[in-house]
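J.: Generate coordinates for the sequence data below:
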Amino acid sequence: TTRRGRSKKDGAFLIIDAEKLTVLYEGRDSREWISDCKFSPDGRFLVATGADQQIFIWDVSTGETVYHRRTESPCFLACWGAINEPQKGSRYPSYQLCATFDSQVLSHTMSFDIKTMSYTLSTEAMQFPPSGLQRKYMCGLVRGDFLLTGTAAGDMCVFSIKNGVFRSSLPVCNNGVTSITPCGDFLYVAGGDGRIKAVKGNDAHWDVLAENILEVGVMALTASADGAELIAATRNGKMWRLLSSDLTATLQSASHTGEVTDVAFGPSSDQVCTVSDTGEVTLTDLSDYMPVCMATRSEEHTSELQSP
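T.: Now for the predicted structure:
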């Protein structure tokens with residue numbers, strides 16, 4: 001699809017043409033910032049969850065609100081699953097949707113009701129172990145019949161959608177799982193402590209095949225179209241390329257995480273020094289726009305001077 005959903009902190013969501021970078025549609029049903037938004041696998045519907053404890057599902061082609069519900073607590077994650085073929089006598093497919101809350105993980109089936117001529121949701125709650133499992137789910141995806149979620153506790157939880165039950169938990173990192181990315185038969189899981197793991201398995205059986213630790217926490221992780229590489233964005237404004245085979249990392253680019261307050265050249269025009277209001281000082285080689293060296297202090301930098 002050439003469409004891409006993006007949320008805004010003022011409660012609006014934008015549908016953008018990824019090729020032309022033009023806004024196709026803007027919706028403002030939520031009053032507060034939107035925490036998650038995803039297209040259905042066929043691109044027909046868009047689900048969004050927000051800080052105002054509401055879930056919206058829109059028909060992308062018409063902009064119509066297909067489903068709206070206010071929940072008891074904020075929904076942190078919504079994941080589309082499989083699309084089921086239309087039942088006999090109907091031409092409308094049904095959709096699988098999973099959503100996570102503070103103490104609940106719900107599995108929804110969105111099917112078309114002939115009586116009301118609209119889509120409706122039926123809901124089942126996932127069953128947890130008798131001892132309980134209190135987690136905040138930060139990211140996740142549906143893979144086959146299983147929902148895989150990354151938690152703030154640093155583990156990856158596995159739920160069986162078919163049986164509606166928690167299956168297993170895999171420890172990943174120490175500062176929350178921030179991203180789970182599928183690539184072929186593997187899953188790449190990134191954490192807030194900079195740890196990235198390549199895992200393979202199913203249900204309750206998972207093996208860690210490769211691991212690497214970047215210098216700071218990973219904010220986002222995605223795989224290339226051919227599956228040969230991964231791109232990881234870290235909290236200090238750096239972008240890393242990693243080989244999917246062994247997770248060898250190479251710095252691709254770096255930028256300031258705060259507002260740049262000053263720029264200065266030295267005796268050579270091949271290098272430039274920049275500072276930001278977050279205390280970052282970076283010396284950049286302009287031949288390849290890569291940092292020669294970087295330093296960070298807690299105090300704010302407002303100006304700089306390079307000696308000859």
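J.: Can you mark which positions in stretch 285-293 are buried?
T.: residue 291 (16 or more other Cβ atoms under 10 Å). All C-beta spots, glycine's among them, are computed from the backbone N, C-alpha and C.
J.: What distance separates the opening and closing residues of that stretch?
T.: Counting by Cα to Cα, to the nearest Å, you get 9 Å between the two ends of stretch 285-293.
J.: same check, this time on stretch 212-221
T.: 13 Å.
J.: quick one: contacts for residue 143?
T.: Residue 143 is in contact with 182, 187, counting by Cβ atoms under 8 Å, 6 or more residues apart in numbering.
J.: cutoff 7 Å now
T.: residue 182 (Cβ atoms under 7 Å, 6 or more residues apart in numbering).
J.: same check, this time on residue 166
T.: If you count contacts by Cβ under 7 Å, 6+ apart, then residue 166 has 126-129, 133, 157, 159 around it.
J.: make it 10 Å
T.: 105, 126-129, 133, 147, 157-160 (Cβ atoms under 10 Å, 6 or more residues apart in numbering).
J.: List only buried entries from these.
T.: 105, 126, 128, 147, 157-160.
J.: which among those gets closest to residue 82?
T.: residue 147 (11.5 Å; Cβ to Cβ).
J.: about what we covered before: tell me which of the contacts of residue 166 fall in strands.
T.: Here DSSP state E is the test, and the contacts of residue 166 give 105, 147, 157-160 as lying in strands.
J.: so where is the stretch 201-308 of the chain shaky, pLDDT-wise?
T.: Scanning the stretch 201-308 of the chain for pLDDT under 70 picks out 298-308.
J.: can you rerun that using 90?
T.: 236-238, 251-262, 264-272, 274-308 (pLDDT under 90).
J.: again with the stretch 1-150 of the chain
T.: 1-39, 43, 46-77, 85-92, 100-104, 112-121, 123, 128-138.
J.: quick one, strands of it?
T.: With DSSP state E, counting those that start in this stretch as the criterion, the stretch 1-150 of the chain has strands at 3-7, 13-17, 22-27, 34-39, 45-50, 54-59, 65-70, 77-84, 94-100, 105-113, 118-125, 137-143, 146-151.
J.: Turn those strands into JSON lines, columns for distance to residue 238.
T.: Conversion of the strands of the stretch 1-150 of the chain to JSON lines gives the following (distance: least, Cβ to Cβ, whole Å):
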{"stretch": "strand 3-7", "distance to residue 238": "22"}
{"stretch": "strand 13-17", "distance to residue 238": "25"}
{"stretch": "strand 22-27", "distance to residue 238": "29"}
{"stretch": "strand 34-39", "distance to residue 238": "25"}
{"stretch": "strand 45-50", "distance to residue 238": "29"}
{"stretch": "strand 54-59", "distance to residue 238": "34"}
{"stretch": "strand 65-70", "distance to residue 238": "39"}
{"stretch": "strand 77-84", "distance to residue 238": "26"}
{"stretch": "strand 94-100", "distance to residue 238": "29"}
{"stretch": "strand 105-113", "distance to residue 238": "33"}
{"stretch": "strand 118-125", "distance to residue 238": "40"}
{"stretch": "strand 137-143", "distance to residue 238": "20"}
{"stretch": "strand 146-151", "distance to residue 238": "21"}
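J.: what about these, which gets the closest to residue 183?
T.: Of all the strands of the stretch 1-150 of the chain, strand 137-143 comes closest under Cβ to Cβ, at 11.6 Å.
J.: partner strands of that closest one, parallel or antiparallel?
T.: Using DSSP bridges, the strands paired with strand 137-143 are strand 146-151 (antiparallel).
J.: what inclination does the partner strand have with respect to strand 105-113?
T.: 130 degrees (axes from the mean of the first three to the mean of the last three Cα atoms, to 10 degrees).
J.: starting at the chain centroid, how far to strand 146-151?
T.: Here strand 146-151 is found 12 Å from its chain centre; the criterion is Cα atoms, centre = their mean, to the nearest Å.
J.: Settle this for me: residue 260 is touching residue 282, isn't it.
T.: Yes. When contacts are counted by Cβ atoms under 10 Å, residue 260 is listed as touching residue 282 (9.3 Å).
J.: what touches both of these two?
T.: 274-276.
J.: of all those residues, which comes closest to residue 186?
T.: For the shared contacts of residue 260 and residue 282, the nearest to residue 186 is residue 276 (36.4 Å; Cβ to Cβ).
J.: just to revisit the earlier point, which of the buried ones among the contacts of residue 166 sits closest to residue 294?
T.: So of the buried ones among the contacts of residue 166, ranked by how close each gets to residue 294 (Cβ to Cβ), first place is residue 157, at 35.9 Å.
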